[in-house]
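J.: Below: sequence and its predicted model.
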Protein chains: 2
Amino acid sequence: MTPVDTPTVEPVSPEFLYLISSDPAELAQAVAPLRGADIVDALNKMPPDAGARVVTNLPFDLAVEVLDEPELEHRHAIVEHMDRAVAGALIAAMSPDRRVELLREVPVKQRTQILKVIEEPDRRTLQALLQYEEHTAGGIMTTEFVTVPSTASAAHATERARASARAKDIVYAIYVVDAKNGSLLRALSLQDLLLASPADSVMAIGDRRPPLSVETDTDQEDVARIISKYNLLAIPVLDTHRRVVGMVTVDDVIDAMVRETTEDVQKFGGLEALDEPYLRISFFSMIKKRAGWLAALFLSEMLTASAMQHFSDELAKAFVLSMFIPLVMSSGGNSGSQATSLIIRALALREVSIRDWWRVALRELPSGLVLGAFLGCIGFIRILIWQHAGLYDYGPHYMLIALTIATALTGIVTFGSLTGSMLPFLLRRLGFDPASASAPFVATLVDVTGITIYFSVAFMILHGTLL
Amino acid sequence: MTPVDTPTVEPVSPEFLYLISSDPAELAQAVAPLRGADIVDALNKMPPDAGARVVTNLPFDLAVEVLDEPELEHRHAIVEHMDRAVAGALIAAMSPDRRVELLREVPVKQRTQILKVIEEPDRRTLQALLQYEEHTAGGIMTTEFVTVPSTASAAHATERARASARAKDIVYAIYVVDAKNGSLLRALSLQDLLLASPADSVMAIGDRRPPLSVETDTDQEDVARIISKYNLLAIPVLDTHRRVVGMVTVDDVIDAMVRETTEDVQKFGGLEALDEPYLRISFFSMIKKRAGWLAALFLSEMLTASAMQHFSDELAKAFVLSMFIPLVMSSGGNSGSQATSLIIRALALREVSIRDWWRVALRELPSGLVLGAFLGCIGFIRILIWQHAGLYDYGPHYMLIALTIATALTGIVTFGSLTGSMLPFLLRRLGFDPASASAPFVATLVDVTGITIYFSVAFMILHGTLL
């Protein structure tokens, strides 16, 4: 890893900001070279009351920028600790999407209080935004976008863009809407305006194709996929009349992607998504997120004990079989975990859809057989070597035991690959997130069946000799 | 999942493009409403020779756009199948970053041939770009950026931006460099220019802070993190004299993020990263990517058989112990997998650094004890219920057996949590990717030690009774 080169940003020690936050003039000077994101880093390491003091003493624009950062944790708690009037002014200046996020975090009672400090028409916008589902385009969009009627000239559009370009914001696009019914016709970039002659009609410049768009209820993962696929900086969000009601920008998408990847990785590891950084989540919250799945898996895995009780006669007669149980069963779990990770990711990237399950099954069946047979060979050879080298005596039927292990491995790895690959499909079919098909989940499923496969194979091969 | 709303993009059937690709005029008309990314979707489903025919017949600008798409697979194979002259013209028009990607894919011999069709000074640029490591800022940057000297006016900068703004490209930034030594002083956006008076000096507009930047050898993950943290659209890449040599844009970063997430998920599932979509990778490539880790894990897991041979006397005396082996061991693996997924992600997001290992250990030790004791209680109760309900007879010492299971679970889950959380740190310390700490890897590590813990606990508790 190469150290990050961010030459202009001094490492901010939280203590530093904290201590000087009592003298506004000094603070303002100290933070002048800092960016909002750096101050957020420092705030995230402070208790919310100290954070509130820092934000209160920041220059107004910077304070708004800080509260607008998606990475700010405890936004709500910080605002809580601030003077009501100061908080109101800051909230009123925040960007609409982040303001909605803040409102979602607070209890309904406080929502009403916050809504009171917001003036019309912002308040109405805010209330409308709150209606959208959290993980949809409507839930993450901003309402700060620029529109011009289709009858406008390039010069007029440039004027509109300039008027709404506040220093801190980026003009991602200028949307050209039908002068009569307000439906979206074109999306122009600043660059299109730069290249146009001032007298040109806005309909005559830039990309002539109707722009890509999403609807308010489009899932945020799909929004991310479209923005990423077409290399967009922003995508307009339309209502059912094709009128622009908002815009999702590429940086919101990145934040959403990072959050979702974290959730998926944690789910695949076999626990509930933490929703908070590892070192900052409270001990008992973390235990709670882990204990649930761990207990569920433990209870399911108890079936292995029951299965083995069922085969206790066989075990008593040929306890040598028990020695290979961890080996044989872990191989099933491992092959299942491989298959699951492949399919979860392929589903997430839309490389396969739920209808492709049989294609996947037709690939995993031979894959499992080949991989299982491969491991079976290694296992077979291992037993012969140990026996002949005198490392362990498996008894007179060691060849049959080796054959049992090899056959069981082939069966269990095949079963593991099939189960691991089909589980994400099954979960999606049942309306769950396929990413919930965790490695431990698959291993547990395979373990219980694996015991049965193992002893059935053993019974067939060793019947009349050991069993 | 809400269906994606992309109203203007018809679903492209690959057959459609394939069939009409013989009539250039018809093809040109058919593809006119399509975007490069859609054509790439279709090309990715075709054999490269058919893809080559389609690209050859596309309008020139669209063909270049298609070859420039990061999502295009088999770029090299498609170019291979094209007429030498046509391919040369297209490659010469491609963006520098994608051209480098193409050159990296081809054997060195063909590189020379391709380099021949590129004219100076592009050829020199290309050769310079090829020197950078693949996963660094230098390896993914483009060299198409706009600079103006610090002595220029806003009007001049606007003129420069306009001149270099080709219709298909986005002007992400205008870099202001020192008129004497060429070092980077400011980064302006089109919007800054829009808001400036034409006569303003470029040093007097926009953000007065020196811009954020990276160096050519900055790891692409760090580049992604900076762009995402500061919500940038692009970041300049500087040489050791702080001169701008390239620029990494947000859409390249998204592509890099998606690729890395896929790799990490697949590694965590316990296989080598596929590098190709699941349904398109050849059967034997896939087997190869899976068999390696599977065999390595299998060989390590063989130690469980050796460990159990070591305890074979105990097993023979108290074969009831063998029934709980899968249960006890899988719990260790599951808790390890949870801890690993938490730490891999926390390391990736830089929430924890390698120096925090002891903090993590201090959290995982009590977590493991609590979770292990919790599972131990469930296990203890399970045995008492089965015994008293007459579901299975564990013999006169069933209380001691239950105590053995509960104690072993506490120990193994604690060990699993600790091992699972420390493994990513250890891997990073040794210079490996912490994401290689897969769930199966951790489970295998825990299994081998778990056997030893289990039988040691059993020996202590059951010595003098069953053992």
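T.: Looks like it arrived, so ask away.
J.: remind me which residues of chain A are low pLDDT?
T.: Across chain A, the ranges flagged by pLDDT under 70 are A:1-25, A:27-28, A:32, A:166-169.
J.: Tell me which residue lies nearest the centroid of it.
T.: When C-alpha atoms, centre = their mean is applied to chain A, the residue found nearest the centroid is residue A:260 (0.8 Å).
J.: Check which helices and strands the helix or strand where it lies is in contact with.
T.: Using DSSP states H and E, residue A:260 maps to helix A:250-268. Where contact means 3 or more C-beta pairs under 8 Å, 6 or more residues apart in numbering or on different chains; DSSP states H and E, helix A:250-268 is packed against helix A:220-229, helix A:325-348, helix B:220-229, helix B:250-268, helix B:325-348. C-beta coordinates here come from the backbone N, C-alpha and C atoms, glycine included.
J.: Mind doing that once more with 6 Å?
T.: Judged by 3 or more C-beta pairs under 6 Å, 6 or more residues apart in numbering or on different chains; DSSP states H and E, the packing partners of helix A:250-268 are helix A:220-229, helix B:325-348.
J.: OK, contacts around the closest residue to chain B within the stretch 351-467 of chain A?
T.: The minimum distance from the stretch 351-467 of chain A to chain B, using C-beta to the nearest C-beta, falls at residue A:439 (3.5 Å). Contacts for residue A:439 (C-beta atoms under 6 Å, 6 or more residues apart in numbering or on different chains) come out as A:337, B:337, B:439.
J.: one more time with 10 Å
T.: By C-beta atoms under 10 Å, 6 or more residues apart in numbering or on different chains, the contact set of residue A:439 is A:268-270, A:333-334, A:336-338, A:340-341, A:420, B:268-270, B:333-334, B:337-338, B:340-341, B:438-440, B:442-443.
J.: Equivalent analysis for residue A:75, please.
T.: Neighbours of residue A:75 in contact, by C-beta under 10 Å, 6+ apart: A:40, A:43, A:48, A:51, A:55, A:66-69, A:94, A:98, A:101-102, A:105-106.
J.: Now do the helix holding residue A:260 against helix A:325-348, angle only.
T.: 160 degrees (axes from the mean of the first three to the mean of the last three C-alpha atoms, to 10 degrees).
J.: one step back: wait, the residue nearest to the centre of chain A touches residue A:221, no?
T.: Yes. Counting by C-beta atoms under 10 Å, residue A:221 is a contact partner of residue A:260 at 6.7 Å.
J.: who touches both of these two?
T.: Common neighbours of residue A:260 and residue A:221 (C-beta under 10 Å, 6+ apart) are A:135, A:348.
J.: Excluding chain neighbours, what is closest to residue A:336?
T.: residue A:420 (3.2 Å; C-beta to C-beta, 6 or more residues apart in numbering or on different chains).
J.: quick one, what contacts that neighbour?
T.: Residue A:420 neighbours (C-beta under 10 Å, 6+ apart): A:332-344, A:364, A:368, A:437, A:439, A:441-443, A:445-446, B:269.
J.: what about 6 Å?
T.: Applying C-beta under 6 Å, 6+ apart, the residues near residue A:420 are A:336, A:339, A:340, A:442.
J.: now swap in residue A:136 and tell me
T.: residue A:217.
J.: where does it fall, phi/psi-wise?
T.: When read as degrees, to the nearest 10, the backbone of residue A:136 gives phi -110, psi 170.
J.: ok, so of the contacts of residue A:75, who is nearest residue B:389?
T.: Nearest to residue B:389 among the contacts of residue A:75 is residue A:105, at 48.5 Å by C-beta to C-beta.
J.: so how far is residue B:449 from residue A:238?
T.: Per C-beta to C-beta, to the nearest Å, residue A:238 is found 58 Å from residue B:449.
J.: neighbour count winner among those two?
T.: residue A:238 (23 against 19; other C-beta atoms under 10 Å in any protein chain shown).
J.: Could you report the neighbour count for the closest residue to the more buried one other than its chain neighbours?
T.: Once flanking residues are discounted, residue A:238 sits nearest to residue A:213: 4.9 Å by C-beta to C-beta, 6+ apart. By other C-beta under 10 Å, 22 other residues sit near residue A:213.
J.: Residue A:234 is in contact with residue A:213, correct?
T.: No. Using C-beta atoms under 6 Å, residue A:213 and residue A:234 do not qualify as a contacting pair, with a distance of 10.7 Å.
J.: Checking residue A:63 next. Helix, strand or coil?
T.: Of the three states, residue A:63 takes helix under DSSP: H, G, I helix; E, B strand; the rest coil.
J.: Tell me who's in contact with it.
T.: Contact analysis of residue A:63 by C-beta under 6 Å, 6+ apart lists A:55, A:90.
J.: Can you tell me how far it is from residue B:423?
T.: 42 Å.
J.: try residue A:115
T.: Distance of residue A:115 to residue B:423, computed by C-beta to C-beta: 49 Å.
J.: Looking at those two, which is more packed in?
T.: When neighbours are counted by other C-beta under 10 Å, residue A:115 and residue B:423 differ, and residue B:423 comes out ahead with 23 against 15.
J.: would you say the more buried one is within a helix?
T.: Yes. Assessed with three-state DSSP, residue B:423 lies in a helix.
J.: Is it correct that it is in contact with residue B:438?
T.: No. With contacts counted by C-beta under 6 Å, residue B:423 stays clear of residue B:438, the gap being 9.5 Å.
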